[in-house]
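A.B. asks: sequence first, predicted model second:
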Amino acid sequence: MQIYMVGGAVRDKLLGRPVNDHDWVVVGATPEQMLALGYLPVGRDFPVFLHPETREEYALARTERKSGRGYRGFVVHSAPDVTLEEDLSRRDLTINAIAENADGTRAEGIFDPYSGAQDIEARVLRHVTDAFREDPVRILRVARFAARFTDFTVAPETMQLMREMVEHGEVDHLVPERVWQELARGLMEEKPSRMFEVLRDCGALAVLLPEVARLWGVPQRADYHPEVDTGVHLMMVLDMAARLNAPLTVRFACLAHDLGKGTTPADVLPRHIGHEERSAELLKDVAERLRVPVDCRETADVVAREHGHVHRSTDFSAAALVRLLERCDAIRKPARFAEILLACECDARGRLGLEESAYPQRQRLAHVLAVVQSVATRDIAAKAAAQGIAGPQVGALIHQARVEVVAQWLHHHGTQG
């Protein structure tokens with residue numbers, strides 16, 4: 001039995017990055033031997049065990065043979081005679097197909113049969129073998145790694161292979177949960193725009209997210225959007241979200257906020273009248289198709305509908321400000337409203353030449369919400385009940401009280417508040 005550290009841990013160590021998770025492969029062992037040593041079985045599709053003390057995963061060396069379409073169509077073979085090189089050959093990229101002896105005493109250093117260390121030095125994402133084409137999830141992984149390792153490029157032969165996979169329909173067989181998993185991870189990387197650029201270059205974006213893919217080439221008003229192209233704007237918004245360390249809910253909202261611009265009739269371009277409602281409708285399809293978590297889809301829905309109003313809110317009256325807060329459900333969900341405002345800032349600053357611009361709307365609306373929250377709604381409801389007032393009339397009284405306190409705040413603070 002021999003144990004090796006493999007995959008991302010070795011890669012990140014060579015890159016000088018922090019190593020947070022370790023993956024281990026065990027060569028020359030049987031499941032029975034692992035159990036006898038106290039390892040806990042957890043793998044369903046192939047033998048994976050948890051270390052009895054560290055709880056890190058140890059997988060028996062294995063090979064995979066394609067048996068159907070999609071990423072689930074594999075026959076897995078694990079046996080003591082499977083070599084380390086055979087196990088590494090089934091991995092996606094050369095930079096992930098490097099092993100190091102568990103105790104770090106291997107005389108020749110790392111075991112690198114596919115020149116992954118050389119590709120790390122050259123900053124290249126390259127597939128290991130032609131078996132790459134057997135798993136369409138690898139397209140998403142390459143795109144995600146491009147978003148993480150921003151100075152790496154995709155090898156031309158790997159890009160060509162991914163294009164062939166898309167043309168042959170492999171991407172059509174990806175399950176929604178796995179697409180969302182990789183998409184969410186990519187959105188949280190250092191430069192998420194690179195993920196979409198890679199997916200677009202190989203043709204996968206048009207299959208997985210046609211609503212996003214059609215935004216490139218769609219013009220916008222140059223006075224509002226110096227970058228003009230909607231797709232370019234979207235990528236700038238996503239990268240701004242990463243720069244501002246936004247959570248996944250915000251980054252997904254940024255991705256979906258302008259989907260409706262891709263369906264604007266050609267005769268009204270470059271204006272996009274009503275794109276907010278169209279964006280919200282298209283978002284529903286995307287969220288259902290990819291089974292997007294509820295918190296992400298709800299935040300994205302509000303951002304899609306209201307980002308234009310948030311941008312223009314510095315000119316709103318007290319009544320308009322309160323209506324905006326109510327439509328955003330800000331009073332009941334202030335934490336989500338803070339994320340909505342952050343997404344709107346990403347949208348405003350995700351424009352050519354405006355990346356360093358201020359976005360006073362975010363702080364101003366946060367102040368307005370605090371003012372509205374100061375209204376003693378219980379006292380108003382109790383007083384109304386004493387007067388025999390009930391139902392929608394109570395809501396109207398509360399709404400009016402909120403408008404009045406916002407009007408007072410505006411009088412003292414104005415647009416600078």
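C.D. replies: Great, that's in hand. Numbering: from 1, shown residues only.
A.B. asks: alpha carbons only for contacts and neighbour counts from here, please
C.D. replies: Noted.
A.B. asks: all strands of the stretch 251-400 of the chain, in order?
C.D. replies: For the stretch 251-400 of the chain, applying DSSP state E, counting those that start in this stretch gives no strands.
A.B. asks: those helices in it, which residues are they?
C.D. replies: 275-290, 294-311, 318-327, 334-349, 360-373, 377-386, 392-413 (DSSP state H, counting those that start in this stretch).
A.B. asks: which of those sits closest to I110?
C.D. replies: I110 lies closest, by CA to CA, to one member of the helices of the stretch 251-400 of the chain: helix 275-290, at 39.2 Å.
A.B. asks: residue contacts, T249?
C.D. replies: D295, C296, R297, T299, A300, E339 (CA atoms under 8 Å, 6 or more residues apart in numbering).
A.B. asks: neighbour-wise, which of these leads?
C.D. replies: A300 (29 neighbours; other CA atoms under 10 Å).
A.B. asks: isn't that residue right up against F252?
C.D. replies: Yes. Counting by CA atoms under 8 Å, F252 is a contact partner of A300 at 6.6 Å.
A.B. asks: and D130, how far from D172?
C.D. replies: 20 Å (CA to CA, to the nearest Å).
A.B. asks: who touches the closest residue to A381 other than its chain neighbours in this structure?
C.D. replies: Closest residue to A381 apart from its sequence neighbours, by CA to CA, 6 or more residues apart in numbering: V394 at 6.2 Å. Neighbouring residues of V394 by CA under 8 Å, 6+ apart: I380, A381, A384.
A.B. asks: residues touching F149, list them.
C.D. replies: F149 neighbours (CA under 8 Å, 6+ apart): E190.
A.B. asks: to clarify, my last question referred to E276.
C.D. replies: H257, D258, G260, A304, R305, E306, G308.
A.B. asks: tell me the pLDDT of the nearest residue to the last one once chain neighbours are set aside.
C.D. replies: The shortest distance from G308 to any residue that is not its chain neighbour, by CA to CA, 6+ apart, is 7.9 Å, and that residue is E276. pLDDT, the model's per-residue confidence, is 95 for E276.
A.B. asks: do the same with the one 5 residues further on
C.D. replies: At E281, the model reports a pLDDT of 97.
A.B. asks: now, of the helices of the stretch 251-400 of the chain, which is deepest in the fold?
C.D. replies: helix 334-349 (a mean of 23; mean count of other CA atoms under 10 Å).
A.B. asks: that one to helix 318-327, inter-axis angle?
C.D. replies: 110 degrees (axes from the mean of the first three to the mean of the last three CA atoms, to 10 degrees).
A.B. asks: which strands and helices sit next to helix 334-349?
C.D. replies: helix 230-243, helix 248-256, helix 294-311, helix 360-373 (3 or more CA pairs under 8 Å, 6 or more residues apart in numbering; DSSP states H and E).
A.B. asks: this structure - how does it break down into domains?
C.D. replies: Following automatic domain parsing, the chain resolves into domains at 2-116, 209-354+363-416.
A.B. asks: need these in TSV (columns: distance to S193).
C.D. replies: Output for those, formatted as TSV (distance: least, CA to CA, whole Å):
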stretch	distance to S193
domain 2-116	21
domain 209-354+363-416	5
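A.B. asks: weakest of these by average pLDDT?
C.D. replies: domain 2-116 has the lowest average pLDDT among the domains of the chain, namely a mean of 85.
A.B. asks: and the end-to-end length of that one?
C.D. replies: 21 Å.
A.B. asks: centre of the chain versus that domain, how much separation?
C.D. replies: 27 Å (CA atoms, centre = their mean, to the nearest Å).
A.B. asks: also stretch 324-332?
C.D. replies: 25 Å.
A.B. asks: now do stretch 348-364
C.D. replies: So, by CA atoms, centre = their mean, the centroid of stretch 348-364 is 22 Å from its chain's centroid.
A.B. asks: what does stretch 171-178 give?
C.D. replies: 16 Å.
A.B. asks: against Q220, how distant is the residue nearest to G308?
C.D. replies: 14 Å.
A.B. asks: what do you get for A253?
C.D. replies: 20 Å.
A.B. asks: equivalent analysis for R378, please.
C.D. replies: 47 Å.
A.B. asks: tell me where the stretch 101-250 of the chain has helices.
C.D. replies: Going by DSSP H, counting those that start in this stretch, the stretch 101-250 of the chain shows helices at 116-122, 137-148, 156-167, 176-187, 193-202, 204-208, 210-213, 230-243, 248-256.
A.B. asks: of all these, which one is nearest E288?
C.D. replies: Here helix 176-187 is closest among the helices of the stretch 101-250 of the chain (CA to CA), at 9.2 Å.
A.B. asks: who touches that closest one?
C.D. replies: Contacts for helix 176-187 (CA under 8 Å, 6+ apart): 137, 140-141, 143-145, 147-148, 192, 195, 238, 248, 251-252, 289-292.
A.B. asks: of the helices of the stretch 101-250 of the chain, flag the one that's most buried.
C.D. replies: Buried most deeply of these, by mean count of other CA under 10 Å, is helix 248-256, with a mean of 25.
A.B. asks: and it, how far from the chain's centre?
C.D. replies: 7 Å.
A.B. asks: got the angle between that helix and helix 176-187?
C.D. replies: Using the same axes, to 10 degrees: helix 248-256 against helix 176-187 is 100 degrees.
A.B. asks: now do helix 248-256 against helix 275-290, angle only.
C.D. replies: Using the same axes, to 10 degrees: helix 248-256 against helix 275-290 is 120 degrees.
A.B. asks: would you mind measuring from the residue located most distally from the centre of the chain to I380?
C.D. replies: For the chain, the residue at maximal distance from the C-alpha centroid (CA atoms, centre = their mean) is Q387, at 51.9 Å. Counting by CA to CA, the gap from Q387 to I380 is 11 Å.
A.B. asks: the closest residue in space to N101 that isn't next to it in sequence: neighbouring residues, count only.
C.D. replies: Nearest residue to N101, sequence neighbours excluded (CA to CA, 6+ apart): Y4, at 4.6 Å. Look at Y4: counted by other CA under 10 Å, it has 22 neighbours.
A.B. asks: for Y4, which three-state class applies?
C.D. replies: strand (DSSP: H, G, I helix; E, B strand; the rest coil).
A.B. asks: how many neighbouring residues does the residue lying closest to P18 once chain neighbours are set aside have?
C.D. replies: Nearest residue to P18 in three dimensions, chain neighbours excluded: D12, at 6.6 Å (CA to CA, 6+ apart). Residues lying near D12 (other CA under 10 Å) number 17.
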